[in-house]
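Undergrad: structure for this input, please:
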Amino acid sequence: MSKRLFPLLILALGIAGFLFLKMTRPEPAEVTATERSWRVNVQPLQPGSHVPVLPLYGEIVAPEQVTITATLAGRIGQRPVAEGQRVQAGDLLVALDDADIRPVLAEAEARVADLQAQIRSEQVRYRNDQAAVESEQSIEANARRQLERTRALVKRNLASQEDLEAATDALARAELTLSNRQRAIDDHPARLQSIEARLAQAQASLDATRRDAERATVRAPFDGVVTGIQVAPGDQVSRNEPLLSLYPANGLELRARVPEMYREELLNALGEGKSLSAFSEGRQHAFELERFAGTADPAGTEAILALQGSPQALRPGGLLPVMLERPARAQTVSIPFSALYGANAVYLMNEDSRMQRVEVERIGEARGSNGERRLLVSGKALVPGARLITTHLPNAVTGLRVDVADAGASEQ
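TA: So this is what the prediction gives:
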């Protein structure tokens with residue numbers, strides 16, 4: 001074979017092999033387009049009665065806290081209590097030194113005794129004036145008769161003009177003395193009334209001083225906790241100066257601001273006699289809503305909740321978050337927050353395994369059986385047996401195909 005024909009032979013064999021392979025190759029499988037689906041968790045719905053909760057953040061206060069002040073000026077003689085100490089009713093809290101109390105009390109008693117003596121003196125004086133006025137009336141009558149005799153003698157030239165003037169002066173002196181004595185008798189009721197008024201004032205001052213002297217030794221009026229101590233034994237204090245404070249151990253309250261949108265609902269519940277409770281984290285402390293403050297501001301109205309049970313570690317001035325249980329609402333569903341889209345929409349899974357957007361009404365928060373925060377909603381489409389999609393999809397839209405990943409993953 002010629003060397004020129006050898007390359008052509010190889011080329012022909014290659015072409016023949018290619019055609020053979022092409023004719024004997026398998027047919028490719030036909031490709032068809034399929035719709036993608038998204039795996040989601042669903043919650044079977046069963047509407048019922050649920051208790052919505054309202055998160056509040058309030059301050060612990062002691063409305064019955066009393067401030068002990070000094071009733072008299074003096075030095076602190078005793079102060080056996082310390083800051084934060086629990087005391088029983090009747091325990092000594094603070095006392096002024098007796099050496100500062102006795103002189104004040106003695107002075108008040110002396111003023112009363114002095115005025116009582118003045119009253120007795122005035123009564124003696126009145127009796128003496130009454131006895132003296134009769135004698136002075138006789139003297140005045142004698143002086144008048146003497147004047148008449150002297151005038152008669154002067155007319156007969158048996159007495160001088162000087163004798164007449166002397167008799168006239170004697171009558172004038174007698175009349176003046178009688179007038180002064182009578183005025184003293186007439187002034188007796190007024191003088192006596194003035195002294196008695198000053199005595200009543202002194203007696204009231206003595207009673208107040210005795211009261212203040214008794215209160216200078218302060219004992220606990222109830223079981224409580226001592227706070228706000230501002231003095232130590234030996235300190236010099238003035239009248240009405242604060243010494244310490246005391247609040248009852250079991251009379252604490254929580255004051256928290258409630259948004260205006262919830263106030264009417266809570267007021268109506270209180271008016272109907274319903275008991276609304278609030279609990280701290282882990283239900284360690286329990287409170288009961290009693291009333292609202294008398295004034296409000298744009299941020300809301302202050303609710304007053306009374307502590308139920310022992311205060312344990314609570315102290316006035318502390319801040320405490322609680323969950324207030326609002327009145328129960330029927331035909332509601334508790335759902336996870338992940339199921340909510342926007343402000344008031346959720347998605348249900350229809351019979352064709354597709355998402356269906358429905359509008360709902362937000363009632364508030366609720367608590368799951370494990371304590372987790374959940375959302376309480378209601379709506380016409382939330383019927384028994386409906387399947388709520390609890391997985392939050394960023395591309396959620398009505399008609400999107402989904403598959404159930406775990407039908408029992410979410411709590412009812």
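
Undergrad: so residue 332 touches residue 378, yeah?
TA: Yes - assessed by Cβ atoms under 8 Å, residue 332 is found in contact with residue 378 at 4.7 Å. (C-beta placed from N, C-alpha, C; glycine too.)

Undergrad: now do the shared contacts for these two.
TA: With contacts defined as Cβ atoms under 8 Å, 6 or more residues apart in numbering, the residues adjacent to both residue 332 and residue 378 are 47, 363.

Undergrad: chain center to the helix or strand hosting residue 348: distance?
TA: Counting by DSSP states H and E, the secondary-structure element that holds residue 348 is strand 345-349. Strand 345-349 has its C-alpha centroid displaced from the chain centroid by 45 Å (Cα atoms, centre = their mean, to the nearest Å).

Undergrad: ok, stretch 250-257 next?
TA: Between the mean C-alpha point of stretch 250-257 and the mean C-alpha point of its chain there is a distance of 7 Å (Cα atoms, centre = their mean).

Undergrad: neighbouring contacts of that stretch?
TA: The contact list for stretch 250-257 (Cβ under 8 Å, 6+ apart) reads 56-64, 223, 278, 287, 290, 293, 299-307, 310-311, 314, 316, 320, 322, 324.

Undergrad: same deal with stretch 310-317?
TA: With Cβ under 8 Å, 6+ apart as the test, stretch 310-317 has contacts from 59-62, 65, 225, 227, 247, 249-250, 252, 284-285, 307, 320.

Undergrad: straight-line length of it, end to end?
TA: From the first residue to the last, stretch 310-317 extends over 17 Å; the measure is Cα to Cα, to the nearest Å.

Undergrad: OK, contacts around residue 285?
TA: Under the criterion of Cβ under 8 Å, 6+ apart, the contact partners of residue 285 comprise 279, 307, 309, 311, 312, 314, 320, 322.

Undergrad: okay, residue 332 and residue 378: which has more neighbours?
TA: When residue 332 and residue 378 are compared for neighbours, residue 332 comes out ahead with 23 against 16, by other Cβ atoms under 10 Å.

Undergrad: and that one, how close does it get to residue 164?
TA: Distance check for residue 332 against residue 164: by Cβ to Cβ, to the nearest Å, it reads 123 Å.

Undergrad: can you pull the phi/psi pair for residue 267?
TA: Note on residue 267: its backbone torsions stand at phi -60, psi -40 [degrees, to the nearest 10].

Undergrad: excluding chain neighbours, give the residue nearest to it in space.
TA: Across the structure, with Cβ to Cβ, 6 or more residues apart in numbering as the measure, the residue nearest residue 267 apart from its sequence neighbours is residue 292 (6.8 Å).

Undergrad: partner strands of the one helix or strand that neighbour maps to, with direction?
TA: Under the assignment given by DSSP H and E, the secondary-structure element containing residue 292 is strand 286-297. In the sheet containing strand 286-297, its partner strands are strand 277-280 (antiparallel), strand 300-308 (antiparallel), by DSSP bridges.

Undergrad: please convert these to CSV, extending it with mean neighbour count.
TA: Output for those, formatted as CSV (neighbours: other Cβ atoms under 10 Å):
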stretch, mean neighbour count
strand 277-280, 18
strand 300-308, 18
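
Undergrad: sorry, back to before: report the buried members of the contacts of stretch 250-257.
TA: In terms of neighbour count (16 or more other Cβ atoms under 10 Å), the buried residues within the contacts of stretch 250-257 are 56, 58, 60-62, 223, 278, 287, 300-305, 307, 311, 314, 316, 320, 322, 324.

Undergrad: rewinding a little: how about the strand holding residue 292: buried residues?
TA: In terms of neighbour count (16+ other Cβ under 10 Å), strand 286-297 has its buried residues at 287, 289, 292.

Undergrad: what's the answer for stretch 91-104, then?
TA: Within stretch 91-104, the residues scored as buried using 16+ other Cβ under 10 Å are 91, 93, 94, 95, 96, 97, 100, 101, 104.

Undergrad: which stretches of the stretch 1-150 of the chain have low pLDDT?
TA: Applying pLDDT under 70 to the stretch 1-150 of the chain flags the ranges 1-6, 8, 20, 27-34.

Undergrad: ok, 80 please
TA: When residues are selected by pLDDT under 80, those of the stretch 1-150 of the chain lie in 1-35, 129-144, 146-150.

Undergrad: all helices for it, in order.
TA: Along the stretch 1-150 of the chain, the segments classed as helices by DSSP state H, counting those that start in this stretch run 5-24, 98-155.

Undergrad: and which of the contacts of residue 285 is nearest to residue 75?
TA: residue 311 (34.8 Å; Cβ to Cβ).
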